[in-house]
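>>> have a look; sequence and predicted model below, questions after that.
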Amino acid sequence: MRNHVKVLKPRSIGISSTRMGPYYTVASVELGNTTTKCILSTTNLRTAEIFQIAKEVRFTRDVRPPTSEEQVFGETLVGVRLTRASVSEMIAATLTSVLESVGMDLERDLHFVVRSTGVTAGFSSPNEVGEMVQALAEGCLKAGVPPRKMTASLSPDTLPPGLQDYTWLKRVYFDGAVASSLPPADASVVANEMEGELVTAGIKGAVKGTDIDFRNPVMTLDFGTTLAGRVTDESHPYAKTIGSFAGLAGAISDAIVRGSGSVRVENGTALDLPKFSAAKDTAIDTGLVDAVHRLIRVETIEKGTNRFGTVPVDPQAAEESGVVLMGIDAGKNGSNLPALEKIGRKIYQGYQLDGLFRTLDLVQARLVCRLVSLAEQHNLILDNTSLGLTGRSITTGLKPDIITSTLIKKDESLWVDKHQLVFVEDGLAMGAAVAARCMNSMGTHEFPMGGRKGDRCIMGARMKLQRKDKS
Ligand SMILES: Nc1ncnc2c1ncn2[C@@H]1O[C@H](COP(=O)(O)OP(=O)(O)OP(=O)(O)O)[C@@H](O)[C@H]1O
Ligand SMILES: [Mg+2]
């Protein structure tokens with residue numbers, strides 16, 4: 001039998017240590033549908049290893065309500081209403097608090113801030129998400145972050161003197177490839193494209209310091225409340241995005257949990273349950289897991305759909321960019337969530353909290369199996385594709401163990417017998433650390449993040465490519 005599957009977490013480090021070496025420190029500011037996070041990470045530029053300095057996680061639903069004069073410009077999946085000002089105030093407060101908790105000097109110790117959001121349900125098209133990211137920028141400015149720490153550098157002089165030796169900006173510029181993956185040609189394929197980009201980079205970064213070589217081709221999934229992620233191919237020096245994911249993820253568990261009656265009906269989530277993990281032999285009715293899955297669609301998103309699992313999508317743009325768009329929905333834009341709540345009630349009545357947790361583990365794990373088989377059907381899985389998973393609705397409980405032992409391919413072989421499988425905590429935040437380095441061309445030859453599994457660093461190939469583009 002396999003041992004308990006490990007979820008990779010960054011090692012922790014103190015600020016004073018980061019002042020003694022070539023450390024590049026980045027704040028990830030993320031407005032999620034359920035949680036809002038400010039996570040401070042730092043990368044040792046010699047080894048590419050990422051460490052965590054501090055993190056603060058709040059419930060997004062605790063944002064202050066809009067005043068009567070304010071315009072609501074977005075809402076979370078469960079309808080928490082957001083205004084530009086309320087979002088920026090919450091971000092400023094969370095960022096200030098995490099910086100203060102470790103005595104970080106913004107000017108001296110913090111090099112870059114990356115903002116992202118999974119809150120897209122209130123938008124009508126993928127590009128409207130830009131306005132939310134703007135509100136996050138306002139929050140960072142309020143907390144005292146200078147604008148130059150939020151945009152890519154063009155020359156090494158913008159970096160602190162001690163770090164200038166570690167940038168390749170004189171040889172390569174930031175051309176949009178993050179950890180050597182190019183975004184789809186049309187950037188507005190899904191509203192959470194940036195999340196997909198960051199988690200892909202983050203999982204590549206998370207394995208540094210281990211013996212895993214998690215590079216292209218990869219399939220990555222962020223199981224937050226909603227789903228994000230990408231499939232890349234093995235083009236060189238940059239991989240292309242050939243698959244993209246959107247829709248519901250933890251929202252499915254949350255509906256089941258709300259139905260159980262053990263959390264608030266309007267906006268309770270699985271995170272409100274006591275911290276707990278159900279054992280493998282917990283008694284449950286697997287028929288109920290099947291019943292849940294019958295209410296869920298895991299499929300490619302057809303042309304003419306502008307929203308899938310509440311997330312704005314543009315399947316036409318996806319097709320034109322050569323991207324297979326895949327999603328998870330419960331009915332149409334969550335229309336089956338009330339039916340899932342009913343099943344949740346049955347599970348809880350029959351099998352209590354243990355049974356509820358065990359069911360969530362099995363339900364979420366099976367979502368991954370269905371997504372992988374869909375990707376396989378569309379020929380997106382190559383012989384050496386690695387799979388990386390992050391987000392609370394897939395890294396919690398025994399989900400990693402269940403996926404490891406049940407994920408099979410079309411030919412009935414076990415995924416892990418032929419492919420890598422990694423689980424990462426806070427993958428998106430680590431992706432912020434990686435993306436910030438990419439924007440400032442701070443790669444290392446010895447521990448490359450870019451390129452293909454087993455290959456050497458792509459710096460030379462990038463220089464050649466960029467010279468060709470210029471001439
Ligand atoms: N034990 C668990 N089992 C299943 N789901 C869980 C568990 N614990 C938390 N979740 C779910 O994970 C989701 C929260 O994960 P995370 O904080 O990564 O999402 P988020 O960043 O807020 O959402 P998004 O990225 O979609 O904006 C919620 O839906 C939550 O209920
Ligand atoms: Mg998230």
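Great, that's in hand. Residues are numbered from 1 along each chain as shown. Ligands and ions are numbered 1, 2, ... in the order given.

>>> and the pLDDT at residue 1?
On the pLDDT scale, residue 1 is placed at 42.

>>> check residue 224 too.
With respect to pLDDT, residue 224 has a value of 97.

>>> who touches it in this structure?
32-34, 118, 195, 249-250, 391-393 (Cβ atoms under 8 Å, 6 or more residues apart in numbering). Placement of C-beta: from N, CA and C, glycine included.

>>> so what's residue 284 up against?
Counting by Cβ under 8 Å, 6+ apart, residue 284 has contacts 347, 351, 355, 358-359, 362.

>>> again with residue 62
With Cβ under 8 Å, 6+ apart, residue 62 has these contacts: residue 90.

>>> repeat that with 10 Å
36, 80, 90 (Cβ atoms under 10 Å, 6 or more residues apart in numbering).

>>> quick check: the gap between the last one and residue 136.
Using Cβ to Cβ, to the nearest Å, residue 90 is found at 10 Å from residue 136.

>>> who's more crowded, these two?
Higher neighbour count among residue 90 and residue 136: residue 136, with 26 against 21, using other Cβ atoms under 10 Å.

>>> quick one: the more buried one is in a helix?
Yes - under DSSP: H, G, I helix; E, B strand; the rest coil, residue 136 sits within a helix.

>>> mind checking pLDDT for the closest residue to it other than its chain neighbours?
Of all residues not flanking residue 136 in the chain, residue 115 sits nearest, at 3.9 Å (Cβ to Cβ, 6 or more residues apart in numbering). pLDDT, residue 115: 96.

>>> ok, residue 176 next?
84.

>>> hang on, it packs against residue 241?
No - counting by Cβ atoms under 10 Å, residue 176 does not reach residue 241; the two are 11.5 Å apart.

>>> pick out whichever of the two has more residues nearby.
More crowded of residue 176 and residue 241, by other Cβ under 10 Å: residue 241, with 25 against 13.

>>> what's stretch 143-150 in contact with?
26-27, 29, 38, 88, 91-99, 106-107, 110-115, 136-137, 139-141, 158, 436, 439.

>>> those residues of the stretch 201-350 of the chain touching ligand 2, which are they?
residue 224 (Cβ under 5 Å from the ion).

>>> can you tell me the closest non-neighbouring residue to whichever residue of the stretch 101-250 of the chain sits closest to ligand 2?
Nearest residue of the stretch 101-250 of the chain to ligand 2: residue 224, at 3.2 Å (Cβ to the ion). Excluding its sequence neighbours, the residue lying closest to residue 224 (Cβ to Cβ, 6+ apart) is residue 391, at 4.6 Å.

>>> of the contacts of stretch 143-150, select the buried ones using a ChimeraX command.
ChimeraX command restricting the contacts of stretch 143-150 to the buried ones, with burial defined by 16 or more other Cβ atoms under 10 Å:
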select :26,27,29,38,88,91,92,93,94,95,96,98,99,106,110,111,112,113,114,115,136,137,139,140,141,158,436,439
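
>>> A helix includes residue 36, no?
No - counting by three-state DSSP, residue 36 is not part of a helix but strand.

>>> ok, now how distant is it from residue 206?
From residue 36 to residue 206 the distance is 21 Å (Cβ to Cβ).

>>> these two - which one has more neighbours?
A count of neighbours by other Cβ under 10 Å puts residue 206 above the other of residue 36 and residue 206, at 31 against 26.

>>> where does the stretch 1-150 of the chain dip in pLDDT?
1-3 (pLDDT under 70).

>>> how about the residues of it by ligand 1?
When proximity is defined by Cβ under 6 Å from any ligand atom, the stretch 1-150 of the chain lies next to ligand 1 at 32-35, 118-119.

>>> again, only using 8 Å
Listed as neighbours of ligand 1 in the stretch 1-150 of the chain under the rule Cβ under 8 Å from any ligand atom: 30-37, 57, 60, 76-77, 117-119.

>>> so who does residue 288 touch?
By Cβ under 10 Å, 6+ apart, the contact list for residue 288 reads 256, 343-344, 346-347, 350-351, 355, 359, 362-363.

>>> so what sits against both of residue 176 and residue 241?
182-183, 197.

>>> so which residues of the stretch 251-400 of the chain form helices?
286-294, 315-320, 337-377, 392-395, 399-406 (DSSP state H, counting those that start in this stretch).

>>> can you give me the helices for the stretch 101-250 of the chain?
106-109, 129-142, 193-206, 250-260.

>>> sorry, back to before: now neighbour count too, for the shared contacts of residue 176 and residue 241, in a markdown table please.
What follows is these, written out as a markdown table (neighbours: other Cβ atoms under 10 Å):
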| residue | neighbour count |
| --- | --- |
| 182 | 17 |
| 183 | 20 |
| 197 | 29 |
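
>>> identify the farthest-apart pair in the contacts of residue 284.
351 and 362 (12.0 Å; Cβ to Cβ).

>>> neighbour-wise, which of those two wins?
Set residue 351 next to residue 362 and count neighbours by other Cβ under 10 Å: residue 362 wins out with 22 against 19.

>>> tell me the contacts of the more buried one?
Residue 362 touches 278, 284, 286, 288-290, 292-293, 397-399, 402, 406, counting by Cβ under 10 Å, 6+ apart.

>>> and residue 179, how far from residue 172?
Separation of residue 179 from residue 172 (Cβ to Cβ) stands at 14 Å.

>>> more crowded one of those two?
The residue with more neighbours, out of residue 179 and residue 172, is residue 179; 29 against 19, by other Cβ under 10 Å.

>>> distance of the residue lying closest to residue 165 once chain neighbours are set aside from residue 450?
Leaving aside its sequence neighbours, residue 165 sits nearest to residue 22 (Cβ to Cβ, 6+ apart; 7.7 Å). Distance, residue 22 to residue 450, by Cβ to Cβ: 19 Å.

>>> ok, residue 186 next?
Distance, residue 186 to residue 450, using Cβ to Cβ: 23 Å.

>>> ok, residue 308 next?
Distance from residue 308 to residue 450, counting by Cβ to Cβ: 30 Å.

>>> ok, now residue 214?
Counting by Cβ to Cβ, the gap from residue 214 to residue 450 is 12 Å.
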